[in-house]
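Chemist: predicted model follows, preceded by the sequence.
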Amino acid sequence: MYVNSQGLVPIKSWCNMPESGAIEQAVALAKLPFMFKQVCLMPDTHQGYGMPIGGVIATQGVVIPNAVGVDIGCGMAAVKTSLKVDDITTDQLKQIMGLIRQKIPMGMKRHKESQEMPIHLRNHSREELPVCYDNYAVAAVSLGTLGGGNHFIEIQADEDNTVWIMLHSGSRNLGKQVCDHYNKIATNLNKQFYNYTKELGFLPLDSKEGKLYLNEMNYALQFAQANRNLMMQRIMKSFLEVLDNACNFEYTINIHHNYAIMEHHFGKNVMIHRKGATRAYEGELGIIPGSQGTASYIVEGLGNPESFKSCSHGAGRKMSRKKAQAELNLEAEIKHMEEQGIIHGLRNTSDLDEAAGAYKDIDVVMKEQDDLVKIVYKLRPLAVLKG
């Protein structure tokens, strides 16, 4: 549906009931003079910082750090195994989850020792990557760590009872350092020349600052992808250790949903910003997770030009973290998980911010974007680890 933005471009929403805060942010974006074609809101959209999460925009000549966000390169990875559900017992599944906890630090935890960085992430100078260079040592102990919030590791099964592994994580603190640094620069520059708010500070693509941001953003993207790869390797190793190598892994999907990239849309090269949105070019595989306790989906893009060939990145929140902790019923949420036989970590009211009840109905979200993607696999959770 279209929303009257009273701006230079319209707002098109695939979310039938977008919250008012997300609409207000979309309206502010639509009024920017460098915005192209329209502002797109995916079905999982909700208010973010500066730009709605689940939002997609195209800009001409500029990049907006907060339209990418602080967790640059946050994204998904999924692996299909050779196992069927009946090939693995509950005790074995619990052993695997225990080994994963040993191998992968979660929440705010990092490794005690530096991990081996992929060769393409080494030997850069402060001149080309000032923020990433100064944060390299922290990044080296953060590689292969999950993080907190809505980041997770799940063991899942598809409708043929084949076992899958899925994880959600990003660039850890590296992306935040990059975003905060360049948003501050953008804000100061904009105050001098344009008078835009700090939430929507932008950098011209042909400026030194704009080029540096893109360099560092792309480095953070590569780090985030390497982070997911290393975690997935250690999860697969945990399977092999418990199952005495009686498991094969068929293929891996590894995608971002927080980034900016130059793409060609509606006859022009424009800077696409996806903040909590997944690219969905025709035939391209993507991952749309639900919440713990609900289904997730492997999808194939339909290449719909109206969404800048994008789709949602998940179910999307319907309650803030504080509201979920205050209003959701812990016993009811635990019962929901246990009735499905899911191994989970819901223990306290503080865990309710990531309970299934805090998120939108993933089936509604999928129906709202049936013109953006088609479902390849529907996956149900068997065991969940939250960051």
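Modeler: Cool, got the structure. Numbers count the residues shown, from 1 in each chain.

Chemist: going by neighbour count, list what's buried in stretch 346-354.
Modeler: Leu346, Asp351, Leu352, Asp353, Glu354 (16 or more other Cβ atoms under 10 Å). All C-beta atoms are positioned from the backbone trio N, CA, C, and that covers glycine.

Chemist: kindly report the same for stretch 209-221.
Modeler: Glu209, Gly210, Leu212, Tyr213, Leu214, Asn215, Glu216, Met217, Asn218, Tyr219, Ala220, Leu221.

Chemist: where do the helices of the stretch 151-300 of the chain begin and end?
Modeler: 173-193, 208-242 (DSSP state H, counting those that start in this stretch).

Chemist: can I get the ones you listed in JSON lines with mean pLDDT and distance to Ser125?
Modeler: As requested, the helices of the stretch 151-300 of the chain are arranged in JSON lines below (pLDDT from 0 to 100; distance: least, Cβ to Cβ, whole Å):
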{"stretch": "helix 173-193", "mean pLDDT": "92", "distance to Ser125": "16"}
{"stretch": "helix 208-242", "mean pLDDT": "98", "distance to Ser125": "11"}
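
Chemist: where do the strands of the stretch 251-387 of the chain begin and end?
Modeler: 258-265, 268-275, 277-279, 285-288, 296-301, 310-312, 373-386 (DSSP state E, counting those that start in this stretch).

Chemist: and Ala224, what does it touch?
Modeler: Applying Cβ atoms under 8 Å, 6 or more residues apart in numbering to Ala224 gives the contacts Ile72, Gly73, Cys74, Gly75, Ser169, Gly170, Ser171, Arg172, Gly175, His256.

Chemist: you'd agree the fourth one is up against Ile253?
Modeler: No. Under the contact definition of Cβ atoms under 8 Å, Gly75 does not touch Ile253, with a separation of 9.8 Å.

Chemist: when the two are compared, which one has more neighbours?
Modeler: Using other Cβ atoms under 10 Å as the criterion, Gly75 and Ile253 rank with Gly75 on top: 27 against 16.

Chemist: for Val63, see how far away that one is.
Modeler: 19 Å (Cβ to Cβ, to the nearest Å).

Chemist: and for Pro130?
Modeler: 17 Å.

Chemist: who has more neighbours, these two?
Modeler: Shown here are Pro130 and Val63; by other Cβ under 10 Å, Val63 has more neighbours (26 against 16).

Chemist: quick one: contacts for that one?
Modeler: By Cβ under 8 Å, 6+ apart, the contact set of Val63 is Phe202, Leu203, Leu205, Gly210, Tyr213, Leu214, Ala260, Met271, His273.

Chemist: one more: Trp164?
Modeler: Taking Cβ under 8 Å, 6+ apart, one finds Ala78, Val79, Lys80, Thr81, Ile155, Gln156, Ala157, Asp158, Tyr377, Leu379 in contact with Trp164.

Chemist: any idea of the angle the helix or strand encompassing the first one forms with helix 208-242?
Modeler: Mapping Ala78 onto the secondary structure by DSSP states H and E places it in strand 75-84. For strand 75-84 against helix 208-242, the angle between stretch directions is 20 degrees (axes from the mean of the first three to the mean of the last three Cα atoms, to 10 degrees).

Chemist: which helices and strands sit right next to the following helix or strand past strand 75-84?
Modeler: The helix or strand immediately downstream of strand 75-84 is helix 90-103, counting by DSSP H and E. For helix 90-103, the packing partners by 3 or more Cβ pairs under 8 Å, 6 or more residues apart in numbering; DSSP states H and E come out as strand 152-157, helix 208-242, strand 373-386.

Chemist: buried set for stretch 17-24?
Modeler: In stretch 17-24, counting by 16+ other Cβ under 10 Å, buried: Pro18, Glu19, Ala22, Ile23.

Chemist: restricted to strands, list these.
Modeler: Within the buried residues of stretch 17-24, no residue falls in strands by DSSP state E.

Chemist: and the two most separated of the residues you listed?
Modeler: Glu19 and Ile23 (7.2 Å; Cβ to Cβ).

Chemist: who's in contact with the nearest residue to Ala280 once chain neighbours are set aside?
Modeler: Among residues not flanking Ala280 along the chain, Gly301 sits closest, at 3.2 Å (Cβ to Cβ, 6 or more residues apart in numbering). Counting by Cβ under 8 Å, 6+ apart, Gly301 makes contact with Arg279, Ala280, Tyr281, Glu282, Gly283, Glu284, Leu285, Gly286, Lys309, Cys311, Leu372, Val373.

Chemist: same check on Pro289?
Modeler: For Pro289, the contacting residues are Met76, Phe152, Glu154, Met166, His168, Ser296, Tyr297, Gly314, Ala315, by Cβ under 8 Å, 6+ apart.

Chemist: closest to Met42 out of those?
Modeler: Gly314 (9.5 Å).

Chemist: measure the residue nearest to that closest one when sequence neighbours are not counted to His124 for me?
Modeler: The shortest distance from Gly314 to any residue other than its chain neighbours is 5.0 Å, reached at Pro289 (Cβ to Cβ, 6+ apart). For Pro289, the distance to His124 equals 32 Å [Cβ to Cβ].

Chemist: could you do Phe266 as well?
Modeler: Distance from Phe266 to His124, by Cβ to Cβ: 35 Å.

Chemist: compare neighbour counts for the two and give me the winner.
Modeler: More crowded of Phe266 and His124, by other Cβ under 10 Å: His124, with 16 against 12.
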